[in-house]
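>>> No letters, just coordinates:
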């Protein structure tokens, strides 16, 4: 009995995959990536719809992942806090920054909609780094801020959009 008895070869003869699978997962993944590139708008809308319809699942998955990967989550948070500290110049007005965060918390309490303090120019991205100063902060709903991520900012060039 050979080790490969439980496997079959894909139609292109490139990959081995388990017999119980109907199709080669590697070939399916490649085909999906090609389709996503060819149909960017449809792909983006499909992802947005999935996220909208699966918020509870996403929330539960994130909580479970955090419990199972506590060390990774903590390392990521520590790295973010450290980067944020490095982005605070001596001349930053700490009182104004605190007031912006308080205002966001009050808006959340008042409206029942989560609000975040967002960096207009991201602290870290492929193309630029902003500062953690009062003039680079704005209050957005959590949904807007998550959608924006560190991918958009004022005056952004077309080649920086991705």
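Good, I have the coordinates. Bear in mind the structure is a predicted one, so any value in this text is a computation, not a measurement.

>>> drop to CA atoms for contacts and neighbour counts, all remaining ones
Fine.

>>> which stretch of helix or strand covers the closest residue in space to residue 25 that isn't next to it in sequence?
Spatially, and ignoring its direct neighbours in sequence, residue 25 is nearest to residue 17 (7.5 Å; C-alpha to C-alpha, 6 or more residues apart in numbering). Secondary structure from DSSP states H and E places residue 17 in strand 16-18.

>>> again, but for residue 144
helix 142-148.

>>> Residues in contact with that helix: which ones?
With contact meaning C-alpha atoms under 8 Å, 6 or more residues apart in numbering, helix 142-148 is reached by 113-116, 118.

>>> let's see 6 Å
114-116 (C-alpha atoms under 6 Å, 6 or more residues apart in numbering).

>>> count of neighbours near residue 123?
20 (other C-alpha atoms under 10 Å).

>>> Go through the contacts of helix 142-148 and say which is closest to residue 84.
Distance to residue 84 across the contacts of helix 142-148 (C-alpha to C-alpha) is lowest for residue 116, with 15.4 Å.

>>> Identify each of the strands in the protein and give its residue range.
With DSSP state E, the ranges of strands along the chain come out as 7-9, 16-18, 115-119, 137-141.

>>> and the second one, what's its mean pLDDT?
To tie it back to what came earlier, the one meant is strand 16-18. Strand 16-18 comes out with an average pLDDT of 85.
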